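Q: sequence first, predicted model second:
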Amino acid sequence: MQRVVTSVTRSRVYPGIWLKAMGSVVCGYPAACAAFFSAFSTADAGTLPPVTLAWNKNPERNVSNYELRYGTAAGDYSYKIYTEDPTATVTGLQDNTTYFFVVVARNHAGKASPNSQEITYRKDVRVVQPPNGKIVSPAANVSITVGDSVDFSGSGKDPNGSSLTYRWNFGSGSGVSAVGGKNPGTRRFTIPGTYKVTLDVTNKLGKSDTTPATRVITVKAPAHEVLARKGWKLKYVNSQDAVNYPARYAFDDNPGTFWHTEWGKPGLPPPPHEIQIDLGKKRSINGFQYLPRQDGFVVGNIGSYRFYVSADGKKWGKAVATGTFENSSMLKSVFFKAKTGRYIRMVSVTEVHGYNDSAIAELQILQAVAKKKKVKKSAAATLAA
């Protein structure tokens, strides 16, 4: 079979066998085993979409098929595609890589023509690099006591020069809501536990930091004891099913019962709902425990909350604790800096599913307990002992 020789003289192409290029022309045609190639691609980073190559049909009658050869080095063709038509589609090509192509024609006896003129194809695609986020404050892991606050701030760099968005997550069960922004400021932790704080940084091109910055916040419970409910009285409730689920069920020492706001009829007000309790006398209060209903249903479970302590039940001041409970039926403990008062006020700001209901199976009040000081024995006492 004839050797392939490319040319740019269009008049030498055999009449009626010129194929329209599908994209940019990447070579001319051969004199006998025509090798007019074209290639096209609209790729993003990574693997390219299929690339189609086409060439002039060989005019010799005994042509059996064509063999497209290609590889990633000149003269080295590791891959082959066989076709009876003067076109072939190549898949699996990678961006930012140069490929070298030739084509030969084979006759029915299996003999091949010499290689056509070698052509190259390359698709350069900009690779978007992920940004890098950093937690500036706190500079290391932190151990605090319940009710204490931690100051958070961050920074980020993007190698693509894109603008960044920030998202802070303060750990599952911490009661501290996720927030955006580079510097969210101070956040108070009122639930004891160990929490992994994560800063997620995303650029405008949609790439996120593959290894988000983290800090571990260990929140320790202060010394406390559960306050006995002797002498407690309901001071106020804004809504209750007085027949089936009265407000007093919220502190009756029976987890099988629960207070539930009015339900089952139209026009009922949405949260916030609240209950106020008179503890009988002043106490040094540093926390509370909330038990959701235990009957297998979750309607009424409190989402976000506010908790107050007052000396007279009239002036409540600023909430001693705010936050959001995780959606579960487990007992939840919340602590804060001790405040002396006789009255407590629990406000259900939202319901976990957005319903108008609120419910509490048990509300326990935690009383601060003074730590016992260790008394050092004198040398004389030690000798006497």
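A: Arrived safely, thanks for sending.
Q: I'd say residue 128 and residue 160 touch.
A: Yes. Residue 128 sits in contact with residue 160 when judged by CB atoms under 8 Å, with a separation of 5.9 Å. For the C-beta atoms, the positions are set from N, CA and C on the backbone; glycine is no exception.
Q: can you give me the buried ones in the longest strand seen in the chain?
A: Of all the segments of type strand in the chain, defined by DSSP state E, the longest one is strand 273-291. The neighbour-count check on strand 273-291 (16 or more other CB atoms under 10 Å) flags 273-277, 279, 283-291 as buried.
Q: out of those residues, who's nearest residue 96?
A: The shortest gap between residue 96 and any of the buried residues of strand 273-291 belongs to residue 290, at 57.0 Å (CB to CB).
Q: quick revisit: just the CA trace of the longest strand of the chain, in CSV.
A: Once non-C-alpha atoms are left out, strand 273-291 reads as follows in CSV (Å, rounded to 0.1, in the frame of the first residue of the first chain):
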residue,chain,number,x,y,z
HIS,A,273,-44.1,29.1,74.6
GLU,A,274,-43.0,29.4,78.2
ILE,A,275,-43.3,27.9,81.7
GLN,A,276,-42.4,29.7,85.0
ILE,A,277,-41.8,27.8,88.2
ASP,A,278,-41.5,29.0,91.8
LEU,A,279,-38.8,27.0,93.6
GLY,A,280,-40.0,28.0,97.0
LYS,A,281,-36.9,29.8,98.1
LYS,A,282,-33.7,31.3,96.7
ARG,A,283,-31.1,28.9,95.3
SER,A,284,-27.7,29.2,93.7
ILE,A,285,-28.6,27.8,90.2
ASN,A,286,-26.0,26.9,87.7
GLY,A,287,-27.9,24.7,85.3
PHE,A,288,-30.9,22.7,84.3
GLN,A,289,-31.8,19.4,82.7
TYR,A,290,-34.5,19.0,80.0
LEU,A,291,-36.1,15.6,79.3
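Q: can you list the strands that it pairs with?
A: Strand 273-291 sits in its sheet next to strand 233-237 (antiparallel), strand 332-348 (antiparallel), strand 362-368 (antiparallel), going by DSSP bridges.
Q: avg pLDDT for whatever helix or strand comes next after it?
A: Sequence order places strand 304-310 as the next helix or strand after strand 273-291, per DSSP states H and E. Taken as a whole, strand 304-310 has a mean pLDDT of 97.
Q: ok, strand 304-310: who's next to it in the sheet?
A: Paired strands of strand 304-310, with direction, are strand 321-324 (antiparallel), strand 332-348 (antiparallel) (DSSP bridges).
Q: out of those, which is closest to residue 267?
A: Counting by CB to CB, residue 267 lies closest to strand 332-348 out of the strands paired with strand 304-310; the figure is 18.9 Å.
Q: and the residue lying closest to residue 84 once chain neighbours are set aside, which of the three is it?
A: Residue nearest to residue 84 in three dimensions, not counting chain neighbours: residue 65, with 4.9 Å by CB to CB, 6 or more residues apart in numbering. The three-state label given to residue 65 by DSSP: H, G, I helix; E, B strand; the rest coil is strand.
Q: overlap in contacts of residue 128 and residue 160?
A: 203, 205, 207 (CB atoms under 8 Å, 6 or more residues apart in numbering).
Q: report the buried members of these.
A: Burial of the shared contacts of residue 128 and residue 160 was assessed by neighbour count (16+ other CB under 10 Å); the buried members are 203, 207.
Q: out of the shared contacts of residue 128 and residue 160, who's nearest residue 347?
A: Proximity of those to residue 347 (CB to CB) peaks at residue 203, which lies at 39.8 Å.
Q: surely that closest one touches residue 160?
A: Yes. In this structure residue 203 lies within contact range of residue 160 using CB under 8 Å: 6.3 Å.
Q: which neighbours do those two share?
A: 128, 131.
Q: residue 46: what's it in contact with?
A: Residue 46 makes contact with 94, 95, 125 under the criterion CB under 8 Å, 6+ apart.
Q: change it to 7 Å
A: Residue 46 makes contact with residue 95, according to CB atoms under 7 Å, 6 or more residues apart in numbering.
Q: now swap in residue 286 and tell me
A: Listed by CB under 7 Å, 6+ apart, the contact partners of residue 286 are 222, 224, 335, 336, 337, 338, 366, 368.
Q: before we move on, what about residue 285?
A: 309, 338, 339, 341, 344, 365, 366, 367.
Q: CA atoms only: put the helix or strand hosting residue 166 into PDB for me.
A: According to DSSP H and E, residue 166 maps onto strand 164-169. The C-alpha atoms that make up strand 164-169 are tabulated as PDB, following Å, rounded to 0.1, in the frame of the first residue of the first chain:
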ATOM      1  CA  LEU A 164     -14.000  33.000  50.000                       C
ATOM      2  CA  THR A 165     -16.900  32.100  52.100                       C
ATOM      3  CA  TYR A 166     -16.600  30.700  55.700                       C
ATOM      4  CA  ARG A 167     -18.800  28.300  57.700                       C
ATOM      5  CA  TRP A 168     -18.200  27.400  61.300                       C
ATOM      6  CA  ASN A 169     -19.600  24.300  62.900                       C
END
